[in-house]
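1. I'd like to go over a predicted model; first the sequence, then the structure.
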Amino acid sequence: MNIMNIMPWDQRIARVLVRPLVRSPVRPNQISMLTLVVALAGAGLLATGDAAMANWGAGLFIMSRFLDHFDGELARQQGSTSKLGYYLDYVSGGLSYAALFIGLGVGMAGALGVWAIVLGAAGAASALISMFSNMQIDKYQSGAETIDAVGYPGFAGFELEDGIYILGPITWAGWLLPFFVAAGIGASIYCLWTIFTQLKHAAAAR
């Protein structure tokens, strides 16, 4: 087994938990929309700047990112994969992360002033740009318009995206401010990496 390419652990868990829904009326696109709603609720609570509300907000956002694995797994097990579902999953993820950075920026304005808004806006823009770049990378790597995402860089069953799970413990420990700064910088670096990778694939395809 290639340790670099094994299925992420959270996706493995989702594959098991989603099985009771396979024969239910629940459809993958409904889960995608639920994921976005939960993420927006979490970001909204983080935007209040209240410590107690931020704790709940972090928990909701983590839940939304875990649920994000359910739609794809349900689609595969139901045999209901579609291009609409592929794009909806990407849009839901991109908007979720953009909302997170905006929420954190607004919530941290009292501590960082205008820089919180700037960092939040940069993180949100990076999330949206990365979303479009990743969709283009998927197309280049699959050789056609794929209906399944290639995925984030990962190692030993952990993806780069899995770092969001530490949002909860960090928030509950009172370290949300340094996390926000680090995440904003990290999102910008990741955005540049996706753009570079997209351009590399585009050059190779010519």
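-> Everything's here; your move.
2. okay, strands next: where are they in this protein?
-> Applying DSSP state E to the chain gives strands spanning 154-155, 158-159.
3. all helices of this protein, in order?
-> For the chain, the helices defined by DSSP state H occupy 9-17, 28-47, 51-78, 83-107, 109-112, 114-142, 167-172, 176-205.
4. for Glu161, find the nearest of those helices.
-> Nearest to Glu161 among the helices of the chain is helix 51-78 (7.3 Å), distances taken as C-beta to C-beta. Backbone N, C-alpha and C define where each C-beta goes, glycine included.
5. quick one: average confidence on that closest one?
-> Here helix 51-78 scores 93 as its mean pLDDT.
6. what of stretch 28-38?
-> In the prediction, stretch 28-38 has an average pLDDT of 95.
7. so how far is it from its chain's centroid?
-> Centroid displacement of stretch 28-38 relative to its chain, using C-alpha atoms, centre = their mean, to the nearest Å, is 13 Å.
8. ok, and what's touching it?
-> Contacts to stretch 28-38, defined as C-beta atoms under 8 Å, 6 or more residues apart in numbering, come from residues 60-61, 63-65, 67-68, 70-72, 74-75, 78, 80-81, 84-85, 88-89, 92, 95-96.
9. make it 7 Å
-> With C-beta atoms under 7 Å, 6 or more residues apart in numbering as the test, stretch 28-38 has contacts from 60, 63-64, 67-68, 70-71, 74-75, 80, 84-85, 88-89, 92, 95-96.
10. do you know how far Ser166 is from Ala51?
-> Ser isn't right for residue 166; it's Ile. As defined by C-beta to C-beta, to the nearest Å, Ile166 lies at a distance of 18 Å from Ala51.
11. ok, these two, which is more surrounded?
-> Taking other C-beta atoms under 10 Å, Ile166 and Ala51 do not tie; Ile166 has more neighbours (15 against 12).
12. from what I see, Gly49 and Gly107 are in contact.
-> Yes. Between Gly49 and Gly107 there is a contact at 4.4 Å, judged by C-beta atoms under 7 Å.
13. looking at these two, which one has more neighbours?
-> Gly107 (26 against 16).
14. correct me, but the more buried one touches Leu46?
-> Yes. Counting by C-beta under 7 Å, Leu46 is a contact partner of Gly107 at 5.0 Å.
15. overlap in contacts of those two?
-> Counting by C-beta under 7 Å, 6+ apart, the contacts common to Gly107 and Leu46 are Ala54.
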